[in-house]
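1. here is a sequence together with a model predicted from it:
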Amino acid sequence: MTVCIENAQHPLIIDSGAHCSIVARNYLDHHFINWEKQLFPTKEKNFNSASGKMKSIGAIIKEITIPHRKGNIILNQEFVVLEDAHIQMFLLGTDYQRMYGIDIYNSKNRNITIGKNKENKFSLDIYQILTHDLLEELIN
């Protein structure tokens, strides 16, 4: 998708498998003047990808405007800057979902039933482990 960052259009992809948002240093070099002044340290220094290991040089925060006909969506998002990444766009990982409380799994107040007893509802909690005893209780 195309988003607006600092009054210019930039490509952005949402990666549901990435635990954090990233941008390549060379992309920032080509599209943002003095972006290094916004750089701050990050805890994580090394990242793994399908193409190998990449090194973080810090992070920046960018205000992203996602245009929408019913009203723009504005996110203040942290992006880890990777030294040797070759991606020519911003990559939005799942960290924005955690930060803004977005639940794409519909895990709040979601119930399932198991077996013939449709009155016996089981709350679907992504943090709850379905044990053998709990399964027996639900079936009977």
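-> Nice, I can see it.

2. next, count neighbours for the closest residue to Leu28 other than its chain neighbours.
-> The shortest distance from Leu28 to any non-neighbouring residue, by Cβ to Cβ, 6 or more residues apart in numbering, is to Trp35 (4.5 Å). Quick note: C-beta positions are derived from backbone N, CA and C, even for glycine. Neighbour count for Trp35, taken as other Cβ atoms under 10 Å: 17.

3. which ones are touching Trp35?
-> Neighbour list for Trp35: Leu28, Asp29, Ile60 [criterion: Cβ atoms under 8 Å, 6 or more residues apart in numbering].

4. what of Tyr27?
-> Contacts for Tyr27 were tallied using Cβ under 8 Å, 6+ apart; they are Ile87, Gln88, Met89, Phe90.

5. who's in contact with Gln88?
-> Pro11, Ala24, Tyr27.

6. ok, the first one to Asn46 distance?
-> Separation of Pro11 from Asn46 (Cβ to Cβ, to the nearest Å): 25 Å.

7. what does the second one give?
-> Counting by Cβ to Cβ, the gap from Ala24 to Asn46 is 15 Å.

8. can you list the domains in this structure?
-> Here the domain parsing of the chain from automatic domain parsing is 2-100, 105-140.

9. where do the helices of this protein begin and end?
-> Using DSSP state H, the helices found in the chain span residues 25-31, 95-100, 132-139.

10. buried residues, the first one. List them.
-> Using 16 or more other Cβ atoms under 10 Å as the test for burial, helix 25-31 gives Arg25, Tyr27, Leu28.

11. on that earlier part again, so which of the contacts of Tyr27 sits lowest on pLDDT?
-> Ranked by pLDDT, those bottom out at Ile87, which has 90.

12. hmm, that residue is touching Ala24, no?
-> Yes - with contacts counted by Cβ atoms under 8 Å, Ile87 reaches Ala24, the gap being 5.2 Å.
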